[in-house]
Structures are given as structure tokens and as C-alpha cells.
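Peer 1: Fold the following, please.
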Amino acid sequence: MTTTDLQASIIPTGEATAILPVQGGRFKPITVIGTEAIRGTFDQLCLEQAINSRTAPGVAELVLNPDAHCGYGAPVGCVLAGWLVYFISHNIARREIVDNQPMWVHRKGATRAFPAGHHALTGTPYKATGHPILLPGNPQAGSVVMVADPGAEKSCYSVNHGAGRALGRKAAKRVLDQAEVDRSFAEMDILTNCREYPRDEAPAAYKDFGAVLDSVKKAGLASEVAHLAARFVIKDASAADD
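Peer 2: Coordinates of the predicted model:
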């Protein structure tokens, strides 16, 4: 195997341990587990993915195990440790000020949308920007990161958390074709952990995400900051709770 540039950067620290420096020492180096022979099996793309993952927000440690190889986004066979970057809830009741008086605001399938300067953000990192809003669409249409606009006041400072169903679970299983659902993911090169993608979670079971997003923006509730595209989808095997 030809030695790659990043392989040459690996610094042995023991018979089966080493480190891979990240961005000239700006980050804690990656821990590499493997003898010299094993380290020679890590190709350039695998090591590039390790470095990209190590510099991702919230990641404090990354370990490459001997079986590490190129994956989707991060190497398969790596361990990441770090801190929670951002937590958001879309089913919660909180006491807030509405129409200048304290009330309980219950968001069911919705999330808070406090814009920059909102009094509730005083003393937080989001005082000047508004806090992040995560608006999931579907794996094929993508999802967006948004920030609240002053117009969110008209919705009790709330934004929907998703596209919303166009088909109930039973209806989706009844009318959607399994082969077509699976083929649509393959055609868009989106991997999943499912032998058969759940029809009741298929993109066609939900409203048009573009139209939903357009409504949020045109109503003045929030502005789009980033559009996210799915590369891999992980589905839990437990029964749905809705």
C-alpha cells in the first residue's frame, strides 16, 4: 500500500499506539490504536474524515481503532467524545410572557423561536442573534437551521418542528409502494440502516417541505441560515409513539 500524506503525519507513541496531529496542534490530536502494520491500512480518506470529525463542534476526543476505515462523514471504527452542542425540545410546556402577562405556553410539535434581543435570551450566548431553530423536513428534501425574526411574536414565539404528516401511518403503509420508497433513497444515494425503509416514515407521507418552509419565511417567523442534506438515516426499531 502506498503511504499517504496523512499516514506520514502519524506519530508513534508506543508499539500499538500513536497520535495524528490536527491542524498544526490547534486541536488535541487523534489517538490511533494499531501497530505499524495496521496504521498502514488507514487510507487518506479515512484519515481526512477523522480530522474533519475531530474539528466538528462539540467533539473533544477522537480515537481511531484498528478496524477503522472510510465511512459516511466519519470513519467506521472510530470513537468520538465531547459535549452537547445544542438541545431543543418540541413537546414542552414553559411559563413565558405572552401579551405582557405570564402564561403557560405548551408547544406540541413546535419549538421556541426567540429572536435577537428577546428578554428571555438575556445572559445567554444567543442574546444578539436569537437562538437556533432546527426545522427537520425529510431525508430527501433536507432540513434547515433557522433563526427567529421579530414576526415570531404572532405565533407566541414558536415555529413548527417538522413538515407535518400528509398521510397517517396506516394510510401510508396502505398506499405507498415499498419498492418505490426504497428505490427513491437509492437514486438519491442516501444510505439507511433499514432492509426496507418504513413506509409510514417515507418522504411521501409528509407535506411538501418546500411549501412548509416557504410559509414560515413569508409569515416572518424565521429566516433560513443553513440547509442540511442527509447522507445516512438511522431508524429506531421501537414502535412509534404517535
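Peer 1: pretty sure residue 200 contacts residue 166?
Peer 2: No - contact criterion Cβ atoms under 8 Å: residue 200 and residue 166 do not qualify, at 11.6 Å. Heads up, the C-betas are built off the backbone N, CA and C, glycines and all.
Peer 1: Neighbour count for the two, which is higher?
Peer 2: residue 200 (16 against 13; other Cβ atoms under 10 Å).
Peer 1: in the protein, which ranges drop under the pLDDT threshold?
Peer 2: The model of the chain has pLDDT under 70 over residues 1-4, 237-242.
Peer 1: try it again with 80
Peer 2: Along the chain, the parts satisfying pLDDT under 80 run over 1-4, 72-73, 85-86, 236-242.
Peer 1: hey, where'd the helices end up in it?
Peer 2: Assigned by DSSP state H, the chain shows helices spanning 36-39, 44-54, 169-175, 178-187, 209-218.
Peer 1: So which residues make contact with the shortest one?
Peer 2: Surrounding helix 36-39, the residues in contact under the criterion Cβ atoms under 8 Å, 6 or more residues apart in numbering are 7, 10, 12, 16, 18, 32, 66.
Peer 1: Name whatever forms a beta bridge with the nearest residue to residue 222 once chain neighbours are set aside.
Peer 2: Using Cβ to Cβ, 6 or more residues apart in numbering and skipping the chain neighbours, the partner closest in space to residue 222 is residue 146 (4.1 Å). Beta bridges link residue 146 to residue 133, residue 224 when assigned by DSSP bridges.
Peer 1: Now do the buried residues in stretch 118-132.
Peer 2: 118, 121, 126-127, 130-132 (16 or more other Cβ atoms under 10 Å).
Peer 1: Distance to residue 57 added to those residues, as JSON lines?
Peer 2: As requested, the buried residues of stretch 118-132 are exported to JSON lines (distance: Cβ to Cβ, whole Å):
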{"residue": "118", "distance to residue 57": "23"}
{"residue": "121", "distance to residue 57": "20"}
{"residue": "126", "distance to residue 57": "15"}
{"residue": "127", "distance to residue 57": "19"}
{"residue": "130", "distance to residue 57": "18"}
{"residue": "131", "distance to residue 57": "15"}
{"residue": "132", "distance to residue 57": "11"}
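Peer 1: can you state the direction angle for the longest strand anywhere in the chain and helix 44-54?
Peer 2: Scanning the chain for the strand with the most residues, using DSSP state E, yields strand 59-69. Strand 59-69 runs at 160 degrees relative to helix 44-54, counting by axes from the mean of the first three to the mean of the last three Cα atoms, to 10 degrees.
Peer 1: Output strand 59-69 as CSV, nothing but the C-alphas.
Peer 2: Output in CSV follows, covering the C-alpha atoms of strand 59-69 (Å, rounded to 0.1, in the frame of the first residue of the first chain):
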residue,chain,number,x,y,z
VAL,A,59,-16.0,17.0,19.7
ALA,A,60,-13.2,16.9,22.3
GLU,A,61,-11.7,13.4,21.7
LEU,A,62,-11.4,11.0,18.7
VAL,A,63,-10.0,7.6,18.7
LEU,A,64,-9.2,5.5,15.6
ASN,A,65,-9.5,1.8,16.4
PRO,A,66,-7.5,-0.8,14.4
ASP,A,67,-10.6,-1.7,12.3
ALA,A,68,-11.1,2.0,11.2
HIS,A,69,-12.0,2.6,7.6
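Peer 1: Report the residue ranges of every domain in this structure.
Peer 2: Listed domain ranges for the chain are 7-82, 91-233 (source: automatic domain parsing).
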